[in-house]
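Trainee: Any chance you can model this:
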Amino acid sequence: MSLGMLVVVPLGLTLLPTRTTSTHWWFAFAVPGALSLWLPRGAVSIALASIYCVGTLVLIALAARHFLQHKKLGVRQVALYTALATPSIAALALVAERSSYELFGFNLTVLSLTVAHFHFAGFAAALMAYLSADGLAAVSVPLGTVIVLLGFFLGDPVELAGAVVLTIGMWLVGWRLWKRSRRAERSTANAVGFGLCGVLALRREGFDEAG
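Mentor: Have a look, this model is predicted:
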């Protein structure tokens, strides 16, 4: 969970088109959140988790600003806004878990797992979908994340369906990344080939002139 707060989210923020050129501000919220995980449940850990919760609300504000600037809601934008919104769900679960409060009837273990889930299967997965995919690949990741969230309330079959959709989405994203890397490799190989042909042609011209 600390890895998600201190590494995954700030790295992801540097890749987002929300004019977040610096992530220093994020650590002012993430460090207290990470510290709350290592302290006993109680007033101090609740306060630290609450600070982190405020930081995740800033991400929602960034999503709102991006939407108001572009006024566009395509499938890639859905993935982007999902990435920016899901840490707040993790933060809410964290505050409840540190408070020893079984939010919506979920026990503390489930709440603790929810914190990790919405940093990785939420933020990181949706971010990958936004950056690397479109169409079905881009929309299936946030859709799967939302279905998993609904499954927490509607039962295990719904949660399982969400996990399946999310898994399919990540496979599609991986396929898109693989195809992109193959195209890049072919482009590099072609560039190297043309370069070698040019060098050989110049050398041959030199030999001809010398002869």
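Trainee: Quickly note the distance from residue 92 to residue 8.
Mentor: Going from residue 92 to residue 8 by CB to CB, to the nearest Å gives 18 Å. The way it works is simple: take the backbone N, C-alpha and C, and place the C-beta from them, glycine included.
Trainee: need the contact list for the residue nearest the centre of the chain.
Mentor: The residue at the geometric middle of the chain, judged as the C-alpha nearest the mean C-alpha position with CA atoms, centre = their mean, is residue 124 (2.2 Å). Residues near residue 124 by CB atoms under 8 Å, 6 or more residues apart in numbering: 4, 8, 12, 83.
Trainee: one more time with 7 Å, if that's ok
Mentor: With contacts taken as CB atoms under 7 Å, 6 or more residues apart in numbering, residue 124 has the following neighbours: 8, 12.
Trainee: and what of residue 41?
Mentor: Counting by CB under 7 Å, 6+ apart, residue 41 makes contact with 98, 100.
Trainee: Which secondary structure state does it sit in?
Mentor: Secondary structure assignment for residue 41 (DSSP: H, G, I helix; E, B strand; the rest coil): coil.
Trainee: remind me which residues of the protein are low pLDDT?
Mentor: Residues of the chain that meet the criterion pLDDT under 70 lie in 17-22, 133, 180-211.
Trainee: residue boundaries of the strands in it?
Mentor: Using DSSP state E, no strands are found in the chain.
Trainee: Would you map the helices across it?
Mentor: In the chain, the helices defined using DSSP state H lie at 2-3, 9-13, 24-38, 43-70, 75-98, 108-117, 125-132, 135-154, 156-210.
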